[in-house]
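[1] Need coordinates for the below:
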Amino acid sequence: MADGSFRGQKTLRLIGPWRTGLQWLLGLVFLLLPWLEVAGGSLVRIDIPGLRLYLFGQVLRIEELYLVLLGILLFVLTFLLVTVILGRAWCGWFCPQTILSDLAEWLAGRLGLRVRSNRLHGPLARTFLLQPVFLAIAMATASGLLCYFIAPREFFSRLAALDLPGAAWGTLLLVTLLVYLDLALVRRLLCREFCPYGRIQTALVSPVTLTLQLPPAVRQECIDCGACVRACPMEIDIRQGLQVECISCARCLDACRRIMAPRNRAGLIRYTFGLRDRGVRVLLDVRVLLPAAALLGLLLLLVNLLHNRPVASLKIAVSHTVSRRPLADGRAGVFFNAWVNNRSRRQAVYTIHASDAATGATLQLKGQVRARLAAGENRRLDFVLIVPPHGNDAVRFTLMDNTGRQVAAARIRLSPPTRTIP
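    You can find the predicted model right below:
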């Protein structure tokens, strides 16, 4: 990413404000996303008791786990492709750990504290004053995380009433503690010593990977002012070449530009695609194009599956408590359990009908055969099928919506062994 011509301080372009703005945006998205709703349901939320995933207007139940797995595969492939192209830019620009560390150091700076060797230096009273702020941020982060599992309004009302489930209390306290310790003590130490991503990225680096460097061609122009070293949050020296601790945050790039600006020269440190800086055209490489094509194929498959998924599902099983009861007129009543799932984005009324699978003759049902279901709701219905004296070998059940349209069907054999036929 060449800097181009430089004509004095008026053309000084810093990357830091863009990175900071992006981090604030990501933080707001994290906190506000669970509050957004589509058709009365959460935009993104995992409903553990209901075994449902709310995802951008779609309500996926556990039996549709294949869609979730496909989405996870899509995410992993995207992450690897982004790593191959952007390198450690994830660490310096998008990683939650970096965002928290940047926020902690920014707050420390506002109180006149300095950060050296990952430790706060300054008056002890100011350090203590910072701790309640760190705790408040940790609690907000933990609460925001739990809102992805409990509807936000329900979560905060139950929190105020001290009526959260035990698992929610445990998660809230644990995440609050971990985030507080991260802000107060860990910060960059996690990136430097424990995070495996830097090591993974090192294995994936290629001639097309975006790299923050001081190109050897301009190394002799460096005046060795040390501004890049002082600006680096990881406390490394980019002049010594690529290092696994570098998070590609571009603070050194901005520092170099500030130093060179009074000299009417462009900064020496820059982002380049690969070490040889062949420009964006280097991305037309098989190492990028093949994963990108696979990613596009998976995305189209997922969109097609989501678009064409049935609006409802019907599962039928003979009751395990009472399966069959003879009636006085020679007929028999067969007891069934049905599970109806409304997969649409709006409330719907469903009715179960039964017919002889061979002749198509309508069969009589008694009990819970009609129900009004909210979007994404799954409900069990119990009913009795009246079987004629001559019996039925197989029965076809259909689920109809309030317009009379068939939205799901199931077929079951009544003669032993009883089994559900897809």
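[2] who's in contact with the closest residue to Ala184 other than its chain neighbours?
    Excluding the flanking residues, the one nearest Ala184 by Cβ to Cβ, 6 or more residues apart in numbering is Phe134, at 5.2 Å. For every residue, glycine as well, the C-beta is placed using N, CA and C. The contact partners of Phe134, by Cβ atoms under 8 Å, 6 or more residues apart in numbering, come to Ala104, Leu107, Tyr180, Leu183, Ala184.
[3] so which two of those residues are the farthest from each other?
    Within the contacts of Phe134, two members stand farthest from each other by Cβ to Cβ: Leu107 and Tyr180, at 13.2 Å.
[4] what helix or strand does the closest residue to Trp93 other than its chain neighbours sit in?
    Closest residue to Trp93 apart from its sequence neighbours, by Cβ to Cβ, 6+ apart: Arg19 at 5.5 Å. Using DSSP states H and E, Arg19 maps to helix 16-32.
[5] which of the residues in that helix are buried?
    By neighbour count with 16 or more other Cβ atoms under 10 Å, helix 16-32 contains the buried residues Arg19, Gln23, Gly27, Phe30, Leu31.
[6] hmm, which two among those are most spread apart?
    Within these, two members stand farthest from each other by Cβ to Cβ: Arg19 and Leu31, at 19.2 Å.
[7] where along this structure do the helices fall?
    Along the chain, the segments classed as helices by DSSP state H run 16-32, 65-86, 89, 96-110, 124-146, 152-160, 166-181, 188-189, 197-204, 227-231, 251-260, 286-308.
[8] Of all those helices, which one is nearest Asn341?
    Among the helices of the chain, the nearest to Asn341 by Cβ to Cβ is helix 65-86 (13.6 Å).
[9] Give me the next element, helix or strand, following that closest one.
    The helix or strand immediately downstream of helix 65-86 is helix 89, counting by DSSP H and E.
[10] who's in contact with Cys91?
    Thr98, Cys191, Cys195, Tyr197, Gly198, Gln201, Ile247, Ser248, Cys249.
[11] ok, the nearest residue to Gly71 once chain neighbours are set aside - contacts?
    Of all residues not flanking Gly71 in the chain, Leu302 sits nearest, at 6.3 Å (Cβ to Cβ, 6+ apart). When contacts are counted by Cβ under 8 Å, 6+ apart, Leu302 touches Leu67, Leu70, Gly71, Leu74.
[12] quick revisit: dump the helices of the chain to JSON lines, plus distance to Asn337 and mean pLDDT.
    Converted to JSON lines, the helices of the chain look like this (distance: least, Cβ to Cβ, whole Å; pLDDT from 0 to 100):
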{"stretch": "helix 16-32", "distance to Asn337": "41", "mean pLDDT": "95"}
{"stretch": "helix 65-86", "distance to Asn337": "22", "mean pLDDT": "86"}
{"stretch": "helix 89", "distance to Asn337": "53", "mean pLDDT": "87"}
{"stretch": "helix 96-110", "distance to Asn337": "44", "mean pLDDT": "95"}
{"stretch": "helix 124-146", "distance to Asn337": "34", "mean pLDDT": "96"}
{"stretch": "helix 152-160", "distance to Asn337": "29", "mean pLDDT": "95"}
{"stretch": "helix 166-181", "distance to Asn337": "29", "mean pLDDT": "97"}
{"stretch": "helix 188-189", "distance to Asn337": "55", "mean pLDDT": "92"}
{"stretch": "helix 197-204", "distance to Asn337": "48", "mean pLDDT": "77"}
{"stretch": "helix 227-231", "distance to Asn337": "66", "mean pLDDT": "95"}
{"stretch": "helix 251-260", "distance to Asn337": "62", "mean pLDDT": "95"}
{"stretch": "helix 286-308", "distance to Asn337": "28", "mean pLDDT": "88"}
